[in-house]
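1. How does the following fold in three dimensions:
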Amino acid sequence: MVFLRRLRFSVVAAVALSFADTAVAIDPSGAAAAYPYARVPRVHYRPVLDEYRASPNPTPPADWRELNDLAETIGGPRGQLRSIGEPIRKREKR
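-> Next up is the predicted model:
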């Protein structure tokens with residue numbers, strides 16, 4: 001009984017402490033949130049792909065049959081997860 005009481009108290013305390021910092025939100029500018037003319041910092045939008053540059057040497061697409069055969073020789077999708085010294089286990093064909 002004492003164990004359950006302590007367990008319940010610790011769970012309630014953990015939940016209360018996890019929400020403690022989210023319950024009190026202080027506005028650093030000091031302006032009320034409902035005030036429509038409050039000065040707020042300007043939001044700057046920068047697209048994620050703004051600095052993207054295509055590769056200067058694109059790889060030409062390969063034949064999908066050759067890629068499937070290569071994947072089969074290394075043991076399928078899980079073949080890449082094996083360690084170096086581990087032998088390749090091939091799946092039995094149905």
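2. could you point out which element follows the worst-scoring helix or strand of the chain on mean pLDDT?
-> Here the helix or strand of the chain ranked lowest by mean pLDDT, DSSP states H and E is helix 20-23, holding a mean of 55. Downstream of helix 20-23, the next assigned helix or strand under DSSP states H and E is helix 64-73.
3. Would you mind extracting the C-alpha trace of that following helix into CSV?
-> What follows is helix 64-73, C-alpha atoms only, in CSV (Å, rounded to 0.1, in the frame of the first residue of the first chain):
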residue,chain,number,x,y,z
TRP,A,64,16.8,-1.5,-62.2
ARG,A,65,17.3,-5.2,-63.0
GLU,A,66,21.1,-4.9,-62.4
LEU,A,67,20.5,-3.0,-59.1
ASN,A,68,18.1,-5.8,-58.0
ASP,A,69,20.7,-8.5,-58.8
LEU,A,70,23.3,-6.5,-56.9
ALA,A,71,21.0,-6.3,-53.9
GLU,A,72,20.4,-10.0,-54.1
THR,A,73,24.1,-10.8,-54.1
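4. Which positions in that helix come out as buried?
-> Residues of helix 64-73 classed as buried by neighbour count (16 or more other CB atoms under 10 Å): none. For glycine as for every other residue, the C-beta is placed from the backbone atoms N, C-alpha and C.
5. One more: stretch 10-17?
-> In stretch 10-17, counting by 16+ other CB under 10 Å, buried: nothing.
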